[in-house]
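In: no sequence for this one, just the structure:
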């Protein structure tokens, strides 16, 4: 089914660099692992260094750029978000400290959705079902039209929800890229 969706969207033999962003780097790492392997393997210790993972979904080669949990490195990574072909913003209050993460997500999403630098960048927001209204971004989501989508999401072991629907996002990714994304090192070993 996935290959027919990609083919229908005209996404055969394309490449994309996607910047993953959100308050919980462990959750981002878990999602990228699930997308790459199809397996749920929760990550509790986020990397101190940004890294990238490359995987292929049928004939679409995706390089997922993942931020560091280190605040200084996160700021540096954030300054390069606009160079990616698309952004996946992830907030899951069911697995993280909801008050702090929700406040951070509200600020970051507001910036992403209102900053002209990201006006042409497709943004996929994956969030636990309880936070859409709390984020207060409905107006900004509507203004951005088809360049932004919001899907409920859960990587709980008993129920993977939302990320298959997010495949629509691939249709919004420019190819070939009109810019060069920063080169990130390969996945850092767990000892780093």
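Out: Yep, it's here. Quantities reported herein were computed from a predicted structural model and do not represent experimental measurements.
In: Assign residue 88 to one of the three secondary structure states.
Out: strand (DSSP: H, G, I helix; E, B strand; the rest coil).
In: For it, which residues count as its bridge partners?
Out: Going by DSSP bridges, residue 88 is paired in beta bridges with residue 20, residue 124.
In: Residue numbering should commence at 41 henceforth.
Out: Sure thing, new numbering starts at 41, so read that last one as residue 128.
In: Hmm, residue 57 and it touching each other?
Out: No: look at residue 128 against residue 57 with Cβ atoms under 8 Å: they stay out of range, at 11.5 Å. Yep, even glycine has a C-beta here, placed from its N, CA and C like the rest.
In: how far away is residue 106 from residue 78?
Out: 18 Å (Cβ to Cβ, to the nearest Å).
In: Looking at these two now, which is surrounded by more residues?
Out: Using other Cβ atoms under 10 Å as the criterion, residue 106 and residue 78 rank with residue 106 on top: 26 against 9.
In: Check what pLDDT that one gets.
Out: Listed pLDDT for residue 106 reads 93.
In: Residue 183 now?
Out: 80.
In: since we're on it, how many residues are nearby?
Out: 12.
In: Quick check: nearest residue in space to it, chain neighbours excluded?
Out: residue 153 (7.7 Å; Cβ to Cβ, 6 or more residues apart in numbering).
In: secondary structure class for the one you found?
Out: Classified using three-state DSSP, residue 153 is helix.
In: Can you verify my assumption that it contacts residue 178?
Out: No: when contacts are counted by Cβ under 8 Å, residue 153 is not listed as touching residue 178 (10.5 Å).
In: neighbour count winner among those two?
Out: residue 153 (21 against 11).
In: list the contacts for that one?
Out: Shown in contact with residue 153 (Cβ atoms under 8 Å, 6 or more residues apart in numbering): 163, 177, 180-181, 183-184, 188.
In: where exactly do the helices run in the protein?
Out: 42-48, 65-77, 111-118, 138-154, 172-175, 178-184 (DSSP state H).
In: Buried deepest among those, which one?
Out: helix 65-77 (a mean of 21; mean count of other Cβ atoms under 10 Å).
In: gap between the two ends of stretch 76-91?
Out: 14 Å (Cα to Cα, to the nearest Å).
In: List the buried residues of it.
Out: By neighbour count on 16 or more other Cβ atoms under 10 Å, the buried set for stretch 76-91 is 76, 83, 86-87, 89-91.
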